[in-house]
Every structure is written in C-alpha cells, then in structure tokens.
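[1] 3D, please:
(2 chains)
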Amino acid sequence: MKKLFNVALLIGAVSALMCSCEQEPKTDGKAEFASFTITAEANPALELTRDYKAIINNTEGTILVALPEGTDVTALVPTFTLTKDDAASVDGVAVVSGEWTLDLTEAVVAKVEDAMSMVSKEYTITAAYTDGIAELTKVGFYAASNEGKLTTDVEPISIASTMTVAFPGDANQTFVLTVEATMDDVVTVNGVEATLQEPEVAEGEAAPTAFVWTAEADCSFPIDIVVADAKAGVENKYVIKIVKDTYGESWTQMASIAKLPSQDYAFDVDPVTGDLYIAFAEATMKDGETKAVNRITVQKWDGSKFVTVGEPAFSPAKASYFAVAARAGKVYVMYVDGGVSSKQTIQMWNGSTWTMIGAQGEMGKVTGTSRERNFLAIDPISGKLFASCCTSEDYTDYGVNKQCLHLGMWDGSAWIHSGSVSDRSATMLSLRNVVYAASDAVYLLTCNQKPENTNSIYRYSNGAWTTLVAGYKMKPDVTEIGSVAGLMRVNSKGELHSALFEQTSAGWNVQIFKQVGNTLERVYSPIQEGTSAPFGFEFDENDLPILAYKSDKNDHLKLVTIDPETQAWTYPADLGFEPYSSYPVMSRKSSTGDIYVSALKQNVDPDPNDATKTVKTYEVVLYKKVK
Amino acid sequence: MKQILKFAMLVLAAAIMWSCYEEPQPLDKPFVYIQDEAGGSKMDISAQGNNIVSDLRVYLSCKRFTEPILVHYDVIVGDGLKEGVDFVIQPTTKSPLTFKPGTYDLPVRISWKKSENFDATKDNTVTITLKEVESNIGEFYLGLLGPDHLRSTYVFTKK
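    From the prediction side, this is the model:
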C-alpha cells in the first residue's frame, strides 16, 4: 500500500511538473513591419553614405522608401523587422530581411502574417527621391519683411538647435520670421505651419534647392521651429531665444595708441577736472646706453588727441607695471623701477616737470611685483596719496599686511606707513589688494591668503583706518579667488560694492557684492563668461553696474550692464578684439559721469630693424560710454 | 529503496516549485515629470523684473509610442498674483501639451511681468502641477517614480 502510495505520489508529481508550467502561448495580435531600412552595408553597390529609414504607415498600409536623387531602385536589399511571430511574403513567396532583392521601379505589395493570431496586413511599398535632410539653411528677422519695426536685419550668429537673436530695441511684439529650408521640408513655427513662398523658376533654370518660409512669431517668448522632411523621415527642432541688444550702441572708441614696445600701461580720469591721463612705455636710448630701454611716458587727452605731459620717456631707467592717479590737476605715476632693483618709484607732475615723490625706489622694498597689484589712490578729503603694491618680504611692523601687500601713504613730505588696522588679526595674510579712492574716502580691499578664500575691506578717513568687513568667507564651492583682487566702486547712494572673481567647479564667475553692515551680500547674478583676467567695473548714471571682461567664449573684450526692465545682465556688447591675455581691462568714471574702458591689444608688426622679421607690439584702445 | 523513493519525490517537489519560476519583468512603468533647465523644481522671480522668461520642460519616460500623448497640467496661482497681469504663459505651451510620436519633451514657458502693486504678505506663488496623461500605452505615473512624486510640481515664487 505504501509502495502504491509512493508511486502514485511520484506520478502525480511528474504530471504536475509537466502541466504546471504550461502557459498559454502569448500573441501580440499584430502583423506589421516594425522597421524597414535601406542600409549602406546591405546595399554596397548603391554607395550610400548613410542608412535610409523608410516611413511606415501602419494605418494606411504603406511604406515609403526615400533615397537620394538618382539612386538605382531596381535591386534594393531592405533590412526589416516584424512584430512578434510574423512572417512576410510577396506573392506568396517568403521574404527575409537582408536577403530580399526588391525592385521598386513600380510599387510592390508585401504581406505580413501573424502565425499565432492569424492576423495579416498588406503593405504597398514605393520609392521616392529625397535630399534626405530637414534643416534650416537661413533664419532671421529681415527689415524688408518687418517694415516699420526693423531697420536692420536680425540674424543669429550661426544656425544651431538653440540660437540667440539680439534685437536692437523692443522685441516684445510680433515679427515676421523668415527661414530657408531644404527640399520637401515642411516648417512649423510655434506649432503652426509656416507659409511657403513659392519659388519662381525661370524656364531652363535648375530647380531650387532652398525654399523660403515665413511666419509671424511672437518674440516675447522663445520661438520653436520644427523642420520635417516626410520623405526622408527626418525632423529637426530649433529654438530661437530673443534678447535685447542695445548695449553695443552705448560705447564708442575714442582713441588708440599703437605700436607700443611693451604691455605696460595705465590710465586714470581726474575726478575734479575730468582730464584723462594715460601712461605707457616708450623705447628710448639715453646717453651712455647701447640699446633702447622702455621708459614711462604720460599723455593727456586734449579733446581730440593725446598730448605728452612734460618730457616723454621721463623715467631715469627702465619702467614697467604702471599705475596712474590724478586729482585736481595733480598727476602721480608709480612704476617698477629697473634702476633700483625693481623697487617702486613714484613721480608727480607739478605742472612743469616730473618730480620724484620720496627717493627713487623709496616707496617699497619691493621685489617680484606684478602689474595688476599696483594701485594708486588719492584721498578726496586730505589729498594724500596712497600706494599699494606687492612685496615678497614680510613686514611685521605694518599692521595691514604680513605678506604681499605693501601700503604706503605720502603725507606731502615723506612716505609713512598709513597706520595699522588695529583689529586685523595678526594671523591674517593678504594675497591681493586694491586701493580705491571714492568721493569720500579711500578703501582697501584685500583678498586673504589666510584665512583662505576670504576678503577684507577697510576704509581710510580722517586719518584713520576702520574695518568694514573683517573676513567675508566665499561660498564653500569657491576653490579660488581670482588672480586679481577684484575692484571696488561706490554708487551714488554711497553704497560700497566689490566685484570679485571666483572659481568654482563650473568655471570662473565675476560676482558683484554689496557691503551690508560688516559683511558682503551677493547682488545680481554672476557673469559666467569671464576669464580670470583683470576686468573693469563702474556704476553708470543710473547706478546700474557695468562690467568689462575678457570672454571665455571668444576671447573678446565684452561689456555688460543690468537691464533695468528684466534686472538681468544685458546681451554683451562685443568690442570685437581680444585684449592681451593677462593685462588689465581698466575702467574709470569722471565726476561728470563719463565712463571710460581701456584695454591692450597685441599686434604683430614688421620689425623696424629687420624687414624679414616681425615683432609684437601693443596698442592701447580706449572706449567711452555714450550717455 | 523507500528512502530513495522519498528522496526522489522530495527532489521532484522542489523541482515543481522552481520550474514555474518566471524571470521578474523589468520596471516598465511610464512616467512624466517637469523641471527647469538646471533640473530644479522651484525658482524665485523678482517682482520688479519685466519680460523675464522662465523655461520649464515636461519629459515623458516611456516606450516608443505611435499615437499622440496629451499631458494636462494645472496652474495654481496664489492670491497675490494674477495670470495675464503678473505673468503670461506662452500660448503654444499651455495645457494640454501634445506629444507627437517621437517627441519626448516639450516646453512650458512663462513670461513674468513687473508686479506694480506687489504685496509681499500675500501668496505670490505660481504652481505648475502635472494632472493627467492621456495615452494608449498605459497609465502614466506623475512625477519621478517613488512615493514622493518628485518633479510632478514646479513652484515659482515672486519676491
């Protein structure tokens, strides 16, 4: 009994095993072509440059094979897939993907059958010629189509899937958009089919290859364009973003000084007289010298040209890394003096001659300075001159700095330490510094090496320094503050701002900060296009910030300001040239509100001493903002 | 012998249990979500800015489809703002969004106007919420898969 039971159990188990997993076969209930392609690989005789995917219409039961003009369609070998468990045939003869030779000089009917569900469908397969592409070849808003709204044509710089178009004025209205597309394309603009401008083809002329479409587009929003070629089975999408471009008209080039031997220059605007001064190097040879030496020359703008102030090339020895400051007719220059072991020398124009301020090289026991760290500022109240530069020596008796920063003050008869900033921690080390004379005081900005990535701001007024910002810590993702300290400016409300370079994992940003209490607050979005090169920063007559920087997109000098309407940065004004990579873009503003931006261009000129060679020369260019 | 037989049946029982094991189907649920260009789900807008355009994207995550899919969304406006006055939605990006076969993302664009009588004490938010998807490829999950329905909503706050 037990044996019988066990055998029965065994048989039952085996039967259960055989039956339990038996599943009902699944069918998709379809009989369709899922894909149909003429591939270059399967059709080597056709010398196709790519695969051509046919357009399958399962509803209509059609397959359109679109191929380049002139393709031999008598022996096509399609590569195709079918839906599940299907088989294809022509006139009852099975056809297999990659093995079927298809003559499409006339339509061919193929049948797809689903063996499981007994469903079938017939397809009519035809061939047509196409250019195989769907793309824009031209796009823009043209004055001829926008009478009364546009006086110049507006086009993107290049055609890409996302384009920016800068309108010279109010773009928040409807304009006529004109595009050119290729053969057999259909263009839709914001979901609506555009109007094809039928081409006029004279008898005997070749058929056109570009087709013009127009559509009205509301430019207060980005514009979506779809170009579709039904025959080719391709489609491309484009977006046009609209920005206002009025800023480029705001700047004019007023002067340039060309063929300078070195990249040393500086300029300043006298805030009292409005006079503009520029300092640059000239190559001269004085008595006893056997070769030309670059010496400093200062010129003043007389309304139409620059005129030399005093003697040209007046420094006794080689001069480099200039700074200029002017106020009430007094002009000071500072330079690294090659005649005194590259220490800083300062001279002043007294109306008739250039004279040393202190002894030659007395300003600093400085070695290894660099140009962007030299600054002069004249206290608007006392008229005292402040000079800041860099030193590699450690000045423990100057409270402002322990390393790099050297700050001196000329009291009219002697250079003195300007006075310690009593609450600056003795452990703080400064990395970069800027002094700036506003209308009410002199400000000092230091980018600190210790604590790392912090900034401090001090103010000198009435003979004493006070701390405004002890140590503002940059964001955690800032890995470095720029190679220059940044700049400070005070707007008409007396609010101190600083523009600083910060480096994050996303690249370099220029960020404007406003001093609020004893800290800094970020204002306006950062400019993410700038390189880590020195830049210009001013406030315009409406207290809107202006930034001048070298773009990391095309290396050009660009200018931006804040659009008062959107409160965002304007489309940059591209001045069209590359400023010398590591030399400052500088800006100044006069008491009458005139704003100037200068930069250095590097040119290649014939060597005056050897016609077969070339030399690099430098050109200072100066721009003025049109009010 | 008995023991062998019993052992054989034990093995068979185990075989029965495992033989019908089916490979689990991969997670294949379609979903739709909304976010900005940076992948965020909220943004502050300046109340003083005028003609500022915000560009959101609605994305479909699903298999290939052959019939258009419609995505409906709601625009919920706080009592401090008014559509048509404080903001305008680009007409071609209004609800419902029509995804033609082959299209898997579409924009929703808003142009913000300066709010002349801005009252910071009011609810100055505009919330875009995915509401419903009409399709023939199955039911869509709103937002990213997960209990929190992340990216099913986008919130603008005017400040």
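[2] ok, and the closest non-adjacent residue to residue 150?
    With no chain named, the answer covers chain A. Excluding its sequence neighbours, the residue lying closest to residue A:150 (Cβ to Cβ, 6 or more residues apart in numbering or on different chains) is residue A:143, at 4.5 Å. C-beta here means a position set from N, CA and C on the backbone, and glycine is covered the same way.
[3] my bad, chain B
    That would be residue B:144: by Cβ to Cβ, 6+ apart, it lies 4.6 Å from residue B:150.
[4] Tell me if the one you found really is in a strand.
    No. With DSSP: H, G, I helix; E, B strand; the rest coil as the criterion, residue B:144 is coil rather than part of a strand.
[5] I'd say residue B:99 and residue B:69 touch.
    Yes. Using Cβ atoms under 8 Å, residue B:99 is in contact with residue B:69, at 4.4 Å.
[6] shared neighbours of these two, anything?
    Counting by Cβ atoms under 8 Å, 6 or more residues apart in numbering or on different chains, the contacts common to residue B:99 and residue B:69 are residue B:60.
[7] Is residue B:4 in a helix, a strand, or coil?
    For residue B:4, the secondary structure call by three-state DSSP comes out as helix.
[8] Count the neighbours of it for me.
    Neighbour count for residue B:4, taken as other Cβ atoms under 10 Å in any protein chain shown: 8.
[9] just residue A:59 next, same as before
    When counting by other Cβ under 10 Å, one arrives at 7 neighbours for residue A:59.
[10] Likewise for residue A:353?
    Each residue near residue A:353 was counted by other Cβ under 10 Å, and the total is 11.
[11] cool, and residue A:362?
    So residue A:362, with other Cβ under 10 Å, has 18 neighbours.
[12] Let me know the pLDDT of the spatially closest residue to it that is not a sequence neighbour.
    Nearest residue to residue A:362 in three dimensions, chain neighbours excluded: residue A:415, at 5.9 Å (Cβ to Cβ, 6+ apart). With respect to pLDDT, residue A:415 has a value of 80.
[13] What parts of the stretch 201-350 of chain A come near chain B?
    A:218, A:220, A:221, A:222, A:224, A:235 (Cβ under 8 Å from any Cβ of the partner chain).
[14] So, low pLDDT: which residues of chain B?
    By pLDDT under 70, the low-scoring segments of chain B are B:13-27.
[15] can you give me the helices in it?
    Per DSSP state H, chain B carries helices over the ranges B:2-19.
[16] Could you pick out the residues of it near chain A for me?
    B:2, B:5-6, B:8-9, B:12-13, B:15-16, B:19-20, B:46, B:48-53, B:55, B:66, B:88, B:90-92, B:102, B:107, B:109, B:111, B:114.
[17] mind listing what's buried in stretch A:340-349?
    Neighbour-count burial for stretch A:340-349, counted by 16 or more other Cβ atoms under 10 Å in any protein chain shown, picks out A:340, A:342, A:343, A:344, A:345, A:346, A:347, A:348, A:349.
[18] just the buried members of the residues of chain B next to chain A?
    Buried subset of the residues of chain B next to chain A (neighbour count, 16+ other Cβ under 10 Å): B:9, B:12, B:16, B:46, B:48-53, B:55, B:88, B:90, B:92, B:107, B:109, B:111, B:114.
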